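Trainee: The following block contains a protein sequence and its predicted model.
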Amino acid sequence: MDDLFDCSNTPSLYSSQLVAFIHISLYKCSMYKRILVISDMHIPYHHKDSIEFLKCIKKEFKPDFIVNIGDLLDFHAINMHTHDPDLYSPGHELNASKKYVKELESVFPKMIEVDSNHSSLVYRRAVKFGMSRQFLKDYGDFLGTKKWKWIDDLTLKMSNGQKCFFTHGRSADVLKVSQTMGMNVTQGHYHTAFTVKYWANPDSIFWGMNVGCLINQKSLSMSYAKNFRTRFILGCGIILDGIPRLLPMVLNNKGNWIKKIV
């Protein structure tokens with residue numbers, strides 16, 4: 001991925017301004033054989049073993065492109081709903097998050113981050129209260145990352161010649177998103193969805209993949225889901241030569257990762 005941002009037709013992101021959330025197509029520049037897809041960590045309320053899980057995946061699959069399709073950060077303290085007073089204040093939550101972001105950056109020095117409902121809360125709040133974008137830092141500035149890039153949605157050309165659209169979450173039915181886009185689709189957002197579904201037209205077969213999440217569901221920040229009949233599914237996805245594969249993060253009866261990729 002060293003030449004990822006060297007493509008002359010790739011729009012630039014302005015480090016001195018609010019992140020420009022744009023639809024960016026990189027499929028004309030490169031084709032990727034091993035695409036790792038991470039979603040919904042909700043740092044600092046992620047599962048305690050999730051970064052070790054991702055380290056193991058990196059070692060086994062050696063991805064040549066890493067995309068986090070949203071909700072890297074939770075921002076529980078500034079959400080649009082009632083937040084738990086026993087959790088972090090906004091400043092404390094950001095400080096706690098930076099430690100884990102730095103650890104994740106050491107694993108994946110280059111990563112694409114897709115815009116999402118939780119991770120964009122800083123900017124959504126600012127717009128709601130009439131703050132000019134001139135006053136706002138971009139994600140890289142306030143998190144301290146060096147080579148991560150934040151964008152809106154992403155389209156990549158895979159090594160089998162097909163395109164894949166990466167988005168945080170357009171519909172609970174990922175197959176409908178794929179059919180609307182006319183290409184393969186990968187999304188997150190739906191914490192209980194961990195699926196690959198296929199459809200076909202006369203020319204080709206396409207798929208849609210939901211990659212689950214890497215959240216600690218027992219956190220107070222997730223108390224809204226405590227009475228859900230379905231539980232969060234921990235894991236991520238990888239696309240190997242255009243073929244999607246789900247990688248569940250299997251836990252033992254104590255809630256710890258079993259330290260094995262299945």
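Mentor: Nice, I can see it. Quick caveat: nothing in here was measured; it's all calculated off a predicted structure.
Trainee: How about residue 258: what's its closest non-neighbour residue?
Mentor: Once flanking residues are discounted, residue 258 sits nearest to residue 250: 5.1 Å by C-beta to C-beta, 6 or more residues apart in numbering. No exception for glycine: its C-beta is placed from N, CA and C like everyone else's.
Trainee: Now do the contacts for the one you found.
Mentor: Under the criterion of C-beta atoms under 8 Å, 6 or more residues apart in numbering, the neighbours of residue 250 are 257-258, 260, 262.
Trainee: ok, the residues you listed vs residue 244, which is closest?
Mentor: residue 262 (16.0 Å; C-beta to C-beta).
Trainee: Hmm, the closest one is touching residue 246, no?
Mentor: No. When contacts are counted by C-beta atoms under 8 Å, residue 262 is not listed as touching residue 246 (10.1 Å).
Trainee: Report the secondary structure state of residue 105.
Mentor: Put simply, residue 105 is helix when judged by DSSP: H, G, I helix; E, B strand; the rest coil.
Trainee: Remind me which helix or strand the nearest residue to it once chain neighbours are set aside belongs to.
Mentor: Counting by C-beta to C-beta, 6+ apart, residue 145 is the residue found nearest to residue 105 once chain neighbours are left out, at 5.4 Å. Using DSSP states H and E, residue 145 sits within no helix or strand.
Trainee: if I look at residue 145, how far off is residue 68?
Mentor: As judged by C-beta to C-beta, to the nearest Å, residue 145 and residue 68 stand 11 Å apart.
Trainee: higher neighbour count, the two?
Mentor: Neighbour count, other C-beta atoms under 10 Å: between residue 145 and residue 68, residue 68 has more, with 26 against 21.
Trainee: Quick check: mean pLDDT of stretch 83-98?
Mentor: Stretch 83-98 shows a mean pLDDT of 88.
Trainee: Give me the contact list for that stretch.
Mentor: Under C-beta under 8 Å, 6+ apart, the answer for stretch 83-98 is 43-44, 73-78, 142-144, 220-221, 223.
Trainee: Verify the contact between residue 147 and residue 110 for me.
Mentor: Yes. Between residue 147 and residue 110 there is a contact under C-beta under 8 Å: 4.7 Å.
Trainee: Which one of the two is surrounded by more residues?
Mentor: Using other C-beta under 10 Å as the criterion, residue 147 and residue 110 rank with residue 110 on top: 16 against 13.
Trainee: Need the CA coordinates for stretch 104-112. PDB is fine.
Mentor: Taking C-alpha atoms only, stretch 104-112 is exported to PDB below (Å, rounded to 0.1, in the frame of the first residue of the first chain):
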ATOM      1  CA  LEU A 104      -3.600   0.200  16.700                       C
ATOM      2  CA  GLU A 105      -1.500   2.600  14.500                       C
ATOM      3  CA  SER A 106       1.600   0.600  15.500                       C
ATOM      4  CA  VAL A 107      -0.100  -2.500  14.000                       C
ATOM      5  CA  PHE A 108      -1.500  -0.700  10.900                       C
ATOM      6  CA  PRO A 109       0.600   2.400  10.200                       C
ATOM      7  CA  LYS A 110      -1.500   3.100   7.000                       C
ATOM      8  CA  MET A 111      -5.200   2.700   7.200                       C
ATOM      9  CA  ILE A 112      -8.300   4.200   5.500                       C
END
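Trainee: Can you list the buried residues in that stretch?
Mentor: By 16 or more other C-beta atoms under 10 Å, the buried positions in stretch 104-112 come out as 104-105, 108, 110-112.
Trainee: can you check stretch 239-252 too?
Mentor: Of all the residues in stretch 239-252, those buried under the rule 16+ other C-beta under 10 Å are 239, 242, 244, 246-247, 249.
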